[in-house]
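J.: Predicted model and sequence follow; I will ask about them next.
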Amino acid sequence: MNKIYGVIGDPIAHSMSPDIHNDAFEKENIKAIYHHFHVKPESLPDAIKGMKALGVSGFNITIPHKTPVIPLLDEVDDLARAIGAVNTVFNEKGRFIGYNTDGIGFYRSLCDEISGDIKAKKTLVIGAGGAARAIYFTLVKEGVKQVDIANRTKERAAHLVSDCPYDKESKALTIDEAEQSLSHYDLIIQTTSCGMSPKLDHSPMRLDQLKAGAFVSDIIYNPLQTQFLREAKEKGAETLNGLGMFVHQAAYAFEIWTGIKPDTSRMTDIVLNKLGGNTC
């Protein structure tokens, strides 16, 4: 009998997760199938009970269930609990255990591309939402000590810094303050939705003071090159879009479920093919 995996969310039909996971299962000769499960917020408790009753082996979680699912699980990984969001669940002998692979996915994609010691990079994270939280907590947990947070609302950035339970050197900044001190940073990470459709020509901050040779990342992958990355590249920065984060967070989930590291290059090709060249 094939094992069952899946992804729950609302909406969910757009997810490319079944494409990449089903291909990985086939490549690794694992008898399993991965489905979309459209779950409305009010149905989440019943959905989790049903998945446990059916013996679902593992599943991913996307908006809006990443936080509400936590009290419905049997156990939550320390990093996921600190972040306050779960995007991957593993059925371990009938117990549902929650993880967050978003931050690790980003960190692994960064390690693939950036030169030098990441832990020594003076880092700026733009935004203070869920993605920023996962990335910030993971970077600090991995040993990147100096990570500052810039946000339109400075108080929200300050809350993010104070919530982080790991040893760090961080301060909260407004976007204006970050723009003025941009030359201080070696690594800049854009985590907001600014630059996605329909605001493709928008950028979260000016890059006038961008340091020569800085590395600039944007977690958006559709479009593959946002206005923010375009401007950074024009100023001579190395750039990284969010495709690697998406692929690596999925790959880490697959690894949690199966103990096997999947072919991330193959996963990347599948996502690019699904985008079909229409990256807007």
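T.: Right, received. Where do you want to start? Numbers count the residues shown, from 1 in each chain.
J.: which stretches of the stretch 151-280 of the chain form strands?
T.: 172-174, 187-190, 215-218, 238-240 (DSSP state E, counting those that start in this stretch).
J.: so what does the first one touch, helix or strand wise?
T.: The one in question is strand 172-174. When contacts are defined as 3 or more Cβ pairs under 8 Å, 6 or more residues apart in numbering; DSSP states H and E, strand 172-174 sits against strand 147-151, helix 154-163. Yep, even glycine has a C-beta here, placed from its N, CA and C like the rest.
J.: in what helix or strand does residue 97 lie?
T.: Here residue 97, judged by DSSP states H and E, is contained in strand 95-99.
J.: now that strand: mean pLDDT?
T.: The average pLDDT for strand 95-99 rounds to 98.
J.: again, but for stretch 212-219
T.: 96.
J.: quick revisit: reformat the strands of the stretch 151-280 of the chain as JSON lines; add distance to residue 249.
T.: Output for the strands of the stretch 151-280 of the chain, formatted as JSON lines (distance: least, Cβ to Cβ, whole Å):
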{"stretch": "strand 172-174", "distance to residue 249": "26"}
{"stretch": "strand 187-190", "distance to residue 249": "15"}
{"stretch": "strand 215-218", "distance to residue 249": "14"}
{"stretch": "strand 238-240", "distance to residue 249": "15"}
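J.: who wins for proximity to residue 121 among those strands?
T.: strand 187-190 (4.2 Å; Cβ to Cβ).
J.: So what are the sheet partners of the closest one and their directions?
T.: Strand pairing for strand 187-190, determined by DSSP bridges: strand 123-126 (parallel), strand 215-218 (parallel).
J.: mind giving me TSV with these and columns for mean neighbour count and distance to residue 156?
T.: Output for the strands paired with strand 187-190, formatted as TSV (neighbours: other Cβ atoms under 10 Å; distance: least, Cβ to Cβ, whole Å):
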stretch	mean neighbour count	distance to residue 156
strand 123-126	26	12
strand 215-218	27	20
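J.: can you list those in JSON lines and add distance to residue 73?
T.: Formatted as JSON lines, the strands paired with strand 187-190 follow (distance: least, Cβ to Cβ, whole Å):
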{"stretch": "strand 123-126", "distance to residue 73": "27"}
{"stretch": "strand 215-218", "distance to residue 73": "30"}
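J.: next one: phi and psi at the most centrally placed residue in the chain?
T.: Residue closest to the average C-alpha location in the chain (Cα atoms, centre = their mean): residue 102, at 3.2 Å. Main-chain dihedrals, residue 102, degrees, to the nearest 10: phi -60, psi -50.
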